[in-house]
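Enquirer: I would like the atomic coordinates for the input below:
(2 chains)
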Amino acid sequence: MITLTHFLVVSACIFCIGLYTVLAKRNAIMILVGIELMINAAILNFVAFSKYDKINYGGQVFALFAIVLAAASVAVGLAIILNVYRHYKTINPDNITDLRD
Amino acid sequence: MQDINIQLPSILDQVIQSIPAFKAELALIFAFLGSILATLFLDKIWKQSSFVITIIGIVASLILSTQQLGAPQNGFFGMLIIDDFSVYARGIIQVALLICVIFIQQHFHHKKFSKNLGDVYSILLAAALGMNILTMTSNWLLAFIAIETVSISSYILVGYFSENKKQSEASMKYVLFGSVSAAVMLYGLSLIYGFTGNLDFTSFEHIQGLIEAPKILLSIALLFMFVGIGFKLSFVPFHMWAPDVYEGAPTPITTFLSTVPKIGALVLLARLFEEWTSTSFFFSELVLVLVSVAAIVTMLAGNLIALRQSNIKRMMAYSSIGHTGFLLMALVGNLASEPQVLLFYIAVYTIMNLAVFGLIDILEQKTGSAQLENYQGLGKQFPILFSILTLLGISLVGLPPTAGFVGKLFVFTSIFDLFQFNNNRYYLILLVVGALTSVISLFYYFKIPLFAFLRKGNEIKILPTTSTQIVYITAILLGVSTLVLGIFPSILLSLFR
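Expert: Sure, this is the predicted structure:
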């Protein structure tokens, strides 16, 4: 029997993997992948909790909108990273530090 | 399935009935579509077509939203709340956006681009739509969509031109930081939804669920949720992107970023704060402490780091971080007073920042630099410009007789009332830090007249500029209006009544 707890544990694991990817990876595209993992962890949470919200299905609607928004922001992110590559010939955020105190 | 068939007509009826509540935003949506089409088809015939459509759309939205004044209503099953507070906030947003659009048009229209300038206006309209929705919702779904709309539009605005290395770097930092904050916020919202089973943060079930939720998990969820709002407001410790983005982005875009999106996020936070601090349970205390500590740390960090900046745009970025802390303090003070105190400070802050960045834009075009050392001795060449800049500095510090002083006075009074009412030590610390940081800010704002008037500098070649007249006049009018509002604050206060 798969209970709510199983879903929550899985989503917490996915969130932590995503956060680790964001913090540790030295490649802007891998950071975007990490962000995507974090968003999907949240979506999994929403759908799992939505089982107990039979009247409005708020969680499921939220999940659908979150998928669309994630796609939009990743599309913009990829375009911007492409632009950075044209100027710097690298996409490692550690090497792109013209702006700093 | 049977239930849905019965409910559907009544649901559709209510959706249709709610459309008039949404008319100000519909004007923006039509202007958005119109501006895209105009860029595609009319641009070859008439270069300014999408600019004109944008101006018409914003003015129409402003007029339509002022008609909603004094008639509070709900729409779309309580997802939209239209009250006077949201109407005033939308008014400030619309006017500020109008000025930003003019600045952007004046800055870019004589430059040659491979890209189409018309698209910038449509993106600005999309951002305006998101901010309007932020000011009139208490539903997490709508709030998240609105925050993401504003964020994605801002990423595009910063990265759209990418004329040089700095601009592309600023946009990449912005998009990565922003997406991570949005993802963390989404996870926090999913946990809050799990505790309450409801997405409307003012509803009874929501408050009830938060009261019953386990403390540790609730603290994590609230912290995650504040990451997203903190990113939009750029309070410490989520401020790291702000100086880089403000310095890297083209100056008119910085003008937009430093003022307008903050208003929307602040109004959302004000609604949330007022509703959630009304109980005496754990989560209310937590929200109060989180916002107060964020305000204190933001005021200190923003103003102290601003002291050692040599680039004027970067200095103003830290100054706007410091002002975010003060806006959070005004938000706490909002508990004790009428909303017009908060609205007055927002309006004054917007006026001051628009004027300062407008003048910086002119200076940057004329001298080709944003470094303070390069402005040495320029006071003789541009006496009016630097006088207005000094006046705005006085207003940003909060010295009489300017509007900044009146705004700060109101905020301090309301916080002091709160402190006398319940002797919470956070209010006292807020008062002390607020006063202290105002004094600290004096030192860096007065660097501008120091360099311009008192230091003798080498002759700097003034670059020929085609037209800065309109920006110049707008900025001077805004600067003078801070003086007028400082002497007669009742002009603005009676507007917000």
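
Enquirer: please count neighbours and contacts with C-alpha atoms only from this point.
Expert: Will do.

Enquirer: average pLDDT for the strand or helix carrying A:His6?
Expert: Using DSSP states H and E, A:His6 sits within helix A:4-24. Averaged across helix A:4-24, pLDDT comes to 95.

Enquirer: now the helix or strand following it: buried residues?
Expert: Using DSSP H and E, the helix or strand that follows helix A:4-24 in sequence is helix A:28-49. By neighbour count on 16 or more other Cα atoms under 10 Å in any protein chain shown, the buried set for helix A:28-49 is A:28-32, A:34-49.

Enquirer: helices or strands up against the helix holding A:His6?
Expert: helix A:28-49 (3 or more Cα pairs under 8 Å, 6 or more residues apart in numbering or on different chains; DSSP states H and E).

Enquirer: export the helix it packs on to CSV, keeping only CA atoms.
Expert: Written as CSV, here are the backbone C-alpha positions of helix A:28-49 (Å, rounded to 0.1, in the frame of the first residue of the first chain):
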residue,chain,number,x,y,z
ALA,A,28,24.4,26.7,-16.3
ILE,A,29,22.3,24.1,-18.2
MET,A,30,22.8,21.6,-15.4
ILE,A,31,21.6,24.2,-13.0
LEU,A,32,18.4,24.6,-15.1
VAL,A,33,18.0,20.8,-14.8
GLY,A,34,18.3,21.1,-11.1
ILE,A,35,15.6,23.8,-11.0
GLU,A,36,13.4,21.5,-13.1
LEU,A,37,13.8,18.7,-10.5
MET,A,38,12.9,21.1,-7.6
ILE,A,39,9.8,22.2,-9.5
ASN,A,40,8.8,18.6,-10.2
ALA,A,41,9.2,17.7,-6.5
ALA,A,42,6.7,20.5,-5.6
ILE,A,43,4.3,19.3,-8.4
LEU,A,44,4.4,15.8,-7.0
ASN,A,45,3.5,17.2,-3.6
PHE,A,46,0.6,19.1,-5.0
VAL,A,47,-0.9,16.1,-6.8
ALA,A,48,-0.4,13.9,-3.7
PHE,A,49,-2.1,16.4,-1.4
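
Enquirer: and that helix, how far out from the chain middle?
Expert: 4 Å (Cα atoms, centre = their mean, to the nearest Å).

Enquirer: what's near enough to touch the residue of chain A found nearest chain B?
Expert: Distances between chain A and chain B by Cα to the nearest Cα are smallest at A:Ala42, namely 4.5 Å. Counting by Cα atoms under 8 Å, 6 or more residues apart in numbering or on different chains, A:Ala42 touches A:11, A:15, B:183, B:186-188, B:190.

Enquirer: what number of residues are in the vicinity of B:Ser203?
Expert: When counting by other Cα atoms under 10 Å in any protein chain shown, one arrives at 14 neighbours for B:Ser203.

Enquirer: tell me the predicted confidence for it.
Expert: Taking B:Ser203 on its own, its pLDDT is 90.

Enquirer: ramachandran coordinates for it?
Expert: phi -70, psi 160 (degrees, to the nearest 10).

Enquirer: how close does it get to A:Gln60?
Expert: According to Cα to Cα, to the nearest Å, B:Ser203 stands 19 Å off from A:Gln60.

Enquirer: try B:Leu42
Expert: 42 Å.

Enquirer: just B:Gln7 next, same as before
Expert: For B:Gln7 relative to A:Gln60 (Cα to Cα), the value is 19 Å.

Enquirer: more neighbours, the two?
Expert: A:Gln60 (20 against 10).

Enquirer: how far away is the more buried one from B:Ser219?
Expert: In terms of Cα to Cα, A:Gln60 sits 24 Å off from B:Ser219.

Enquirer: list the contacts for the residue in the stretch 1-150 of chain B that chain A sits nearest to?
Expert: With Cα to the nearest Cα, the shortest gap between the stretch 1-150 of chain B and chain A falls at B:Leu141, namely 6.1 Å. Counting by Cα under 8 Å, 6+ apart, B:Leu141 makes contact with A:62, B:199.

Enquirer: ranking the contacts of A:Ala42 by neighbours, who comes first?
Expert: Ranking these using other Cα under 10 Å puts B:Leu186 first, with 31 neighbours.

Enquirer: hang on, it packs against B:Met225?
Expert: Yes: assessed by Cα atoms under 8 Å, B:Leu186 is found in contact with B:Met225 at 7.3 Å.

Enquirer: could you list the contact residues of chain B toward chain A?
Expert: Contact residues (Cα under 8 Å from any Cα of the partner chain) of chain B with chain A: B:141, B:145, B:148, B:152, B:155-156, B:159, B:162, B:164-166, B:168-172, B:175-176, B:179-180, B:183-184, B:186-188, B:190-191, B:193-194, B:197-199, B:244, B:247-248, B:309.

Enquirer: just the ones of the residues you listed in helices?
Expert: Among the residues of chain B next to chain A, DSSP state H puts B:141, B:145, B:148, B:152, B:155-156, B:159, B:165-166, B:168-172, B:175-176, B:179-180, B:183-184, B:186-188, B:190-191, B:193-194, B:244, B:247-248 in helices.

Enquirer: quick one: low-confidence parts of the stretch 101-250 of chain B?
Expert: Scanning the stretch 101-250 of chain B for pLDDT under 70 picks out B:113-114.

Enquirer: got the residues of chain A near chain B?
Expert: A:22, A:28, A:31-32, A:35-36, A:38-39, A:41-43, A:45-46, A:49-50, A:52-53, A:58-59, A:62, A:65, A:69, A:72-73, A:76-77, A:80-81, A:83-84, A:87-88, A:96-101.

Enquirer: switch the cut-off to 7 Å
Expert: A:35, A:38-39, A:42, A:45-46, A:49, A:53, A:58, A:62, A:73, A:77, A:80-81, A:83-84, A:87, A:96, A:98-100 (Cα under 7 Å from any Cα of the partner chain).

Enquirer: returning to what we had before: so can I have TSV of the contacts of A:Ala42 showing distance to B:Asp13?
Expert: Below are the contacts of A:Ala42 laid out as TSV (distance: Cα to Cα, whole Å):
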residue	distance to B:Asp13
A:Ser11	39
A:Phe15	41
B:Ala183	35
B:Leu186	32
B:Tyr187	34
B:Gly188	34
B:Ser190	30
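
Enquirer: closest to B:Leu392 out of these?
Expert: B:Ala183 (37.7 Å; Cα to Cα).

Enquirer: for that closest one, which residues are in contact?
Expert: By Cα atoms under 7 Å, 6 or more residues apart in numbering or on different chains, the contact list for B:Ala183 reads A:35, A:38-39.

Enquirer: which residue does chain B have closest to chain A?
Expert: B:Tyr187 (4.5 Å).

Enquirer: find the nearest non-adjacent residue to that residue, please.
Expert: A:Ala42 (4.5 Å; Cα to Cα, 6 or more residues apart in numbering or on different chains).

Enquirer: what residues does B:Pro72 make contact with?
Expert: By Cα under 7 Å, 6+ apart, the neighbours of B:Pro72 are B:82-84.

Enquirer: among those residues, who's most crowded?
Expert: B:Ile82 (23 neighbours).

Enquirer: gap between that residue and A:Gly58?
Expert: Taken as Cα to Cα, the span from B:Ile82 to A:Gly58 is 22 Å.

Enquirer: low-confidence stretches in the stretch 251-400 of chain B?
Expert: Answering for the stretch 251-400 of chain B: no residues sit below the bar, that is pLDDT under 70.

Enquirer: could you pull out the helices in it for me?
Expert: Remark: helices assigned in the stretch 251-400 of chain B by DSSP state H, counting those that start in this stretch are B:251-276, B:282-306, B:312-333, B:339-367, B:383-397.

Enquirer: which positions in the very next helix or strand once past the shortest one come out as buried?
Expert: Meaning helix B:383-397. From helix B:383-397 onward toward the C-terminus, using DSSP H and E, the following helix or strand is helix B:403-422. Buried residues in helix B:403-422, counted by 16+ other Cα under 10 Å: B:403-419.
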